[in-house]
Each structure stands twice: as structure tokens, then as C-alpha cells.
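**Student:** 3D, please:
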Amino acid sequence: MQCVVCGTNFGSEYDPEIKAYPVYHPPSSKKYEICEKIFYKTLLRLHVFLFDQEHSIPATQLLHDFDWKNDILMRKEMISWCLAKGFLTVDSFKRIEVPYSIRSEFGEFLQAIDPTQPGVLDRFFEEYRDHLRAVYPSLKPVSPDQMPFKFVELKLGQSTLFDNIDTTQIELRGKKSDSDSAEERRLSSLRQSMERKLSR
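**Tutor:** Residues are numbered from 1 along each chain as shown. Predicted structure coming up:
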């Protein structure tokens, strides 16, 4: 596997929280913290950028118009991974947008923050990462045939992008259970924490 942030090859570790092999460094790697921080800061900026658009946008436009700040080396792979895990989605024209679950939960937050202001990303990216993990059961992965980018073979030995992503174990939210209620309470607490920070 290859880190989308720095391009380093590494042996992957399964992440049970998101039920996948992440495309950033596994926790055992020394560069994990640095690249994970860059990854989620970029994802937060991506969501703000897409939320500010009046309509969904083509993947090529996202690649060219979004300010990647030279942080992400493998941009198409990052977008495709986020689509495969449901952190981004596509419409019927394969144009990219923020998933409904994320828009409905964090729309006010995404509209309120300005990630270009000093310190904003440092203050919020960890909580936003936890938010995404909390809503993960309600996210819907984009199927390979709906992906805007087609990868015949990534330059990762014999692996392809979707060999490294486990989409078979995803359970969409059904009837509310005790664990569902606990996740909702956790999500509410996280949201209140972010709102308090915004009001300062």
C-alpha cells in the first residue's frame, strides 16, 4: 500500500473503527501522526470547499480548483478512497458532493468555519475526525462502477485500490440499538464541544 499524503510504501494494518485498510500510515508507523493530521485537515477543507459550492462538481474540477497546498501527493487516490468509504459521494452524473449524512449533521459547522484562518484546522480537525467516525455507520460507500477515476492497476505491486479497501463488512444503520444511542450521545457531545469553540 501507499500513503496518499507522502507516497511512502508500507505494510498496512486493518483499522477496525472504519473497517478498512487506510491509505495513510498505520498506527505503528512513525509518520502516522503527521500524515493522519494532514489527511483529516485536508478532508475537512475538502468538505468546506464542496459545501460552499452551489452544486456538485466534476472530479476533474475538484482536482484543479481545490487548494491542495501541496500536502497530498496522490490526490486521485485520496478522493477515490473517500468515495469508497462514504466520506464523499457522487450524484447520478458522477459529480462529487458532501454526503447527506455529513451535510445534515455538520452543515452549520462547515458553513461557519473558515479553514484559511490561522489555527482553525488545528483546533477542529481531531474533533471532526471523531465526528466522521461517529456517523460512519450511516455513510454509503460509492461502488467501483460509479467512481469518477478508473484505476486499472495502481503502482503498488500486484494490488489495486479496491484490494486494499474492505467494503464487505459495512453495516448501514437500521433499527436503533443501545450502541446506536451511545453513538448519538457521543456525536451530540462532540457537536456541542465544536459549537462552544466556534462561539469563543
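
**Student:** now the helices for the chain?
**Tutor:** Ranges of helices within the chain are 32-52, 59-65, 75-85, 100-112, 120-135, 178-199, based on DSSP state H.

**Student:** now what about the first one, what contacts it?
**Tutor:** Put plainly, it is helix 32-52. The contact list for helix 32-52 (Cβ atoms under 8 Å, 6 or more residues apart in numbering) reads 3-6, 24-26, 56-57, 62, 66-69, 71-72, 78, 82, 87-88, 96-98, 102-103, 106-107, 110-111, 113, 115, 121, 124-126, 128-129, 132. (C-beta placed from N, C-alpha, C; glycine too.)

**Student:** quick one: mean pLDDT for stretch 107-114?
**Tutor:** Stretch 107-114 carries an average pLDDT of 90.

**Student:** buried residues in it?
**Tutor:** The neighbour-count check on stretch 107-114 (16 or more other Cβ atoms under 10 Å) flags 109, 110, 113 as buried.

**Student:** would you turn those into JSON lines with distance to residue 49?
**Tutor:** What follows is these, written out as JSON lines (distance: Cβ to Cβ, whole Å):
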{"residue": "109", "distance to residue 49": "14"}
{"residue": "110", "distance to residue 49": "10"}
{"residue": "113", "distance to residue 49": "12"}
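
**Student:** for these, which one is nearest residue 150?
**Tutor:** residue 110 (29.4 Å; Cβ to Cβ).

**Student:** and the closest residue to the closest one other than its chain neighbours, how close does it get to residue 66?
**Tutor:** Counting by Cβ to Cβ, 6 or more residues apart in numbering, residue 51 is the residue found nearest to residue 110 once chain neighbours are left out, at 4.3 Å. As judged by Cβ to Cβ, to the nearest Å, residue 51 and residue 66 stand 12 Å apart.

**Student:** cool, residue 99 as well?
**Tutor:** Distance, residue 99 to residue 66, using Cβ to Cβ: 17 Å.

**Student:** buried members of the contacts of helix 32-52 into PyMOL, please.
**Tutor:** Buried residues within those, by 16+ other Cβ under 10 Å, are selected in PyMOL with:
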select buried, resi 3+4+5+6+24+25+26+56+57+62+66+71+72+78+82+87+88+96+97+98+102+103+106+110+113+115+121+124+125+128+129+132
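
**Student:** quick one, grab the pLDDT at the closest residue to residue 82 other than its chain neighbours.
**Tutor:** Leaving aside its chain neighbours, residue 82 sits nearest to residue 88 (4.3 Å; criterion: Cβ to Cβ, 6+ apart). Looking at residue 88, its pLDDT stands at 95.
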